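Asks: got a predicted model here, sequence first, then my questions.
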Amino acid sequence: MSETEVPRVSDRWKVAKEYAADVQGLIASPFADLPEAASLFLSLPENAGGSWLHALRQVIAVTPALGLTDPSIALAFTCSGLRQMGMDEAALGSFSREFREGMHQIDRSRRLGDDDKTTSIPGGPVWGGNTFDPYGKQATKTPVTVHAVLLLYAKDISSLNGLIAKAEHALSEAGVIVSHRVDIQVTEREHFGFADGVSQPILYGPAIVSGPGTESKWHRIPAGEVIIGQTNAHGDLAAGPIVAEVPEKPTMLGVGNAPPGYRDLGRNGSYLVIRELQQDVAGFWNHMDTEAAALGGGLTGEWLAERVVGRKIDGTGLLPETVLHPDSSVARTVNEFGYFNEDKDGLSCPLGSHVRRSNPRDGLARTQDEAHALVHSVNSHRILRCGRKFGPPPADPRQQDGVARGLLFMCLNTDIARQFEFVQETWLLNPGFATQADEVDPLMGPKGRMSIPACPFRHRPKIETFVKFAGGEYFFLPSLSAIDYLATL
Ligand code: HEM
């Protein structure tokens with residue numbers, strides 16, 4: 001291990017030593033070695049200030065990116081939460097517009113497809129930040145208002161329960177209510193049964209120590225796509241919030257990238273997107289079986305489901321073996337491939353499948369030259385996923401059991417509009433994506449059709465709505481020094 005390296009938090013890249021004590025551990029690792037976890041969504045009392053953070057920190061500490069620790073903890077805030085804590089409007093105004101407006105603001109809701117009531121749970125989403133829109137636009141009000149989220153990760157259920165009890169006790173003493181709770185487990189296989197977390201971006205830059213496999217042509221993105229203050233895909237320093245310097249109140253925040261008279265609140269932080277997505281597992285598999293049978297030719301539900309996702313159930317890509325493993329003597333990952341040269345027409349991996357929409361790689365190019373340029377451009381719309389599944393696995397994936405289960409989708413990015421919202425609006429839910437006509441992501445979107453290119457005729461099975469939105473919000477995931485600052489509010 002070299003001088004600048006810190007103990008293992010990720011196989012591919014680590015946060016460099018000089019940043020690791022300030023960056024939250026969740027940025028460097030989804031804590032996959034800690035399988036049991038809970039997300040506690042918090043509602044703060046009026047004029048909460050920052051004192052509740054003192055009370056919380058007496059019993060638990062937010063985990064830095066210094067290496068794996070059991071348990072591990074992450075903490076993030078909604079815009080309404082920071083307002084409730086007493087942050088002034090000038091400081092709130094320095095956060096990104098998406099964060100200030102919130103996920104349920106009418107325009108954002110439309111972009112995310114949430115204005116289509118068929119893709120939300122009956123009665124509509126249950127929780128959100130209920131943030132006040134500075135631009136006066138309407139927002140859907142959710143029954144539960146969330147001001148912050150506390151994510152707790154542990155090796156086993158008994159230590160997790162101990163941790164939750166400690167946190168809940170300290171929070172309730174400080175008048176903070178756990179208004180919504182989702183218990184989550186590590187997602188090697190999501191509930192439909194597919195391997196998850198296979199394809200992730202690989203960060204590079206001065207704040208990062210690169211490990212093996214970082215020479216990837218397809219997945220390298222500058223650290224500023226995930227860490228505020230670092231250089232992003234546009235060559236800019238990823239912008240974050242600032243606070244005015246108050247001479248009589250010394251602050252632990254550095255000057256960072258803030259202009260004179262201000263301190264950098266965003267540096268080493270990120271924006272965390274959370275969406276609670278319920279999955280209808282039996283509905284999915286029964287529909288896959290029925291539609292595959294209707295296509296004929298002995299096609300199975302598994303065959304169709306793999307085209308919907310765009311990968312095999314075990315996570316292997318759908319491209320021919322020779323593309324995925326061009327040299328069998330070299331251990332290759334299942335993720336080093338493009339679509340332009342290997343599968344331009346989507347005969348192996350359908351053009352409209354979930355993975356092709358969520359990361360088209362070079363597949364939307366018209367020429368070879370464009371293909372090179374497109375990878376760079378597509379990589380300015382990457383997100384670092386760190387979600388987990390909730391609810392018990394189904395005993396029989398084809399039997400309705402009435403139990404709520406799904407994915408607590410979480411991802412980190414520094415520019416919510418250019419990264420998360422772009423992926424969802426412009427790729428997943430775009431009815432004209434990659435020459436498709438009036439089709440959207442067959443895994444995530446409302447019901448419709450999906451084209452599966454084939455010779456001599458394409459297949460066009462019906463698709464139902466399998467995933468429903470139950471609540472969500474945009475959060476600010478501060479650095480550890482920014483949490484110290486927030487505790488002084
Ligand atoms: C219940 C909802 C969802 C399920 C079951 C699901 C499932 C999957 C699966 C099985 C994969 C392939 C394995 C992998 O690379 O990890 C995948 C990839 C991916 N998904 Fe989802 N997903 C869901 C929602 C979303 C949402 C809401 C987004 C973003 C808006 C998203 C973005 C991605 C991305 C970026 C990839 C990687 C594509 C690549 O780089 O090749 N997913 N998802």
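Replies: Arrived safely.
Asks: residue ranges in the stretch 301-450 of the chain under the pLDDT threshold?
Replies: Scanning the stretch 301-450 of the chain for pLDDT under 70 picks out the ranges 322, 325-333.
Asks: any idea what sits nearest the most centrally placed residue in the chain, other than its immediate chain neighbours?
Replies: For the chain, the residue nearest the mean C-alpha position is Cys411 (1.6 Å; C-alpha atoms, centre = their mean). Leaving aside its chain neighbours, Cys411 sits nearest to Ile383 (4.0 Å; criterion: C-beta to C-beta, 6 or more residues apart in numbering). Where C-beta positions appear, they are placed from N, C-alpha and C, glycine not excepted.
Asks: what about the one you found, how many neighbours?
Replies: For Ile383, the tally of surrounding residues (other C-beta atoms under 10 Å) stands at 24.
Asks: identify the residues contacting it.
Replies: Contacts here follow C-beta atoms under 8 Å, 6 or more residues apart in numbering; on that basis Ile383 touches Pro201, Val273, Cys411, Leu412, Asn413, Gln419, Phe420, Val423.
Asks: farthest-separated two in these?
Replies: Pro201 and Val273 (14.8 Å; C-beta to C-beta).
Asks: so those two - more neighbours on which side?
Replies: Val273 (26 against 22).
Asks: gap between the two ends of stretch 226-240?
Replies: End-to-end distance for stretch 226-240, by C-alpha to C-alpha, to the nearest Å: 11 Å.
Asks: let me fix that, I meant to ask about stretch 72-83.
Replies: 27 Å.
Asks: please state the offset of that stretch from the chain centre?
Replies: 16 Å (C-alpha atoms, centre = their mean, to the nearest Å).
Asks: repeat for stretch 447-454
Replies: Centre-to-centre, stretch 447-454 and its host chain are 26 Å apart (C-alpha atoms, centre = their mean).
Asks: now do stretch 231-248
Replies: Put simply, stretch 231-248 sits 22 Å off its chain's centre (C-alpha atoms, centre = their mean).
Asks: then stretch 383-399?
Replies: Counting by C-alpha atoms, centre = their mean, stretch 383-399 comes out at 15 Å from the chain centroid.
Asks: tell me which residues in that stretch are buried?
Replies: Of all the residues in stretch 383-399, those buried under the rule 16 or more other C-beta atoms under 10 Å are Ile383, Leu384, Arg385, Cys386, Gly387, Arg388, Lys389, Phe390, Gly391, Pro394, Pro397.
Asks: can you tell me how far the last one sits from the ligand?
Replies: If you measure Pro397 against the ligand using C-beta to the nearest ligand atom, to the nearest Å, the figure is 13 Å.
Asks: from memory that residue sits against Gln279, does it?
Replies: No. Counting by C-beta atoms under 8 Å, Pro397 does not reach Gln279; the two are 10.5 Å apart.
Asks: need the overlap of contacts for those two.
Replies: Residues touching both Pro397 and Gln279 (C-beta under 8 Å, 6+ apart) are Phe192.
Asks: quick one on the thing from earlier: mind listing which of the buried residues of stretch 383-399 are in strands?
Replies: Leu384, Arg385, Arg388, Lys389, Phe390 (DSSP state E).
Asks: possible to save those as JSON lines with distance to Ile60?
Replies: Formatted as JSON lines, these follow (distance: C-beta to C-beta, whole Å):
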{"residue": "Leu384", "distance to Ile60": "24"}
{"residue": "Arg385", "distance to Ile60": "25"}
{"residue": "Arg388", "distance to Ile60": "19"}
{"residue": "Lys389", "distance to Ile60": "24"}
{"residue": "Phe390", "distance to Ile60": "21"}
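Asks: which of those residues lies closest to the ligand?
Replies: Checking these against the ligand by C-beta to the nearest ligand atom gives Arg385 as the nearest, at 6.2 Å.
Asks: in the sheet, who's paired with the closest residue to the closest one other than its chain neighbours?
Replies: Distances taken as C-beta to C-beta, 6+ apart place Cys411 nearest to Arg385, at 4.8 Å, with adjacent residues excluded. Beta-bridge partners for Cys411, by DSSP bridges, are Val273, Arg385.
Asks: got a list of what Cys411 touches?
Replies: The contact partners of Cys411, taken as C-beta under 8 Å, 6+ apart, are Leu272, Val273, Ile383, Leu384, Arg385, Cys386, Gly387, Gln419, Phe420.
Asks: widest-spaced pair of these?
Replies: Gly387 and Gln419, at 14.9 Å, using C-beta to C-beta across these.
Asks: now Thr414: closest residue in space that isn't a chain neighbour?
Replies: Ala238 (3.9 Å).
Asks: from what I see, that neighbour and Asn232 are in contact.
Replies: Yes. If you go by C-beta under 8 Å, Ala238 and Asn232 touch, sitting 4.4 Å apart.
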